[in-house]
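Q: starting from these lines, generate the structure:
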Amino acid sequence: MKNFSIFIGLALVMIAVSCNRPTKTTEKEVKAAEEVLFNADMSTNNEAIAGAIETFSKYAEENPDAENAAEYLFKALEVSVNTKQDPKQSIELTDRFLKNYPKSDKAPVALFMLASFVYEDQLQDLDQARAAYQRIVDDYADSPFAKDAAISIEHLGMTPEELIKMFESQGN
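A: Residues are numbered from 1 along each chain as shown. You can find the predicted model right below:
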């Protein structure tokens, strides 16, 4: 019965997202996408990921001045990055978030996720990772992430073994 409810909720979200309708995505649709995104055990419902990202993103696009627009666009970005859906999509969502909400307290977090999880881990593009980390240092110097970004630049490209060796030698 629980799976049937998830299926119905997911179907409703997908229908709402995919229809060419003149109305904007509603908060009710966003809440429905959130509800089906996670299973009862809090694991991610893989079938709901794409629809949820689309719903969150579309809501923010259609309601850019809404109080929660930045929150939902960040949520789309977070789901995309954390589920490793599509690096290109994660990059586009980050760019859109930073363009629309550069003063948000989530902006340095978005950049850090992009640098670390997308460029460094998924794509192994150390030049792009370095640039994103540097942007945090330059544009968000007062953020707690600025120090982490500077450290990440310093250790960029090092293997876990090299990092362990370095930390062990500093302890002596």
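Q: residues in contact with residue 157?
A: Residues near residue 157 by CB atoms under 8 Å, 6 or more residues apart in numbering: residue 126. In this view, the C-beta of every residue, glycine as well, is placed from N, C-alpha and C.
Q: could you find the closest non-adjacent residue to residue 34?
A: Nearest non-adjacent residue to residue 34, counting by CB to CB, 6 or more residues apart in numbering: residue 52, 7.0 Å away.
Q: what helix or strand is the one you found on?
A: helix 49-62 (DSSP states H and E).
Q: surely the residue nearest to residue 34 touches residue 32?
A: No - between residue 52 and residue 32 there is no contact under CB atoms under 8 Å: 9.4 Å.
Q: quick revisit: which strands and helices sit next to the helix holding residue 52?
A: helix 2-18, helix 27-37, helix 69-82, helix 87-100 (3 or more CB pairs under 8 Å, 6 or more residues apart in numbering; DSSP states H and E).
Q: where does the prediction get shaky in this protein?
A: In the predicted model, the chain carries pLDDT under 70 at residues 1-22, 172.
Q: looks to me like residue 65 is in a strand.
A: No - assigned with DSSP: H, G, I helix; E, B strand; the rest coil, residue 65 falls outside any strand and is coil.
Q: tally up the residues packed near it, please.
A: 5 (other CB atoms under 10 Å).
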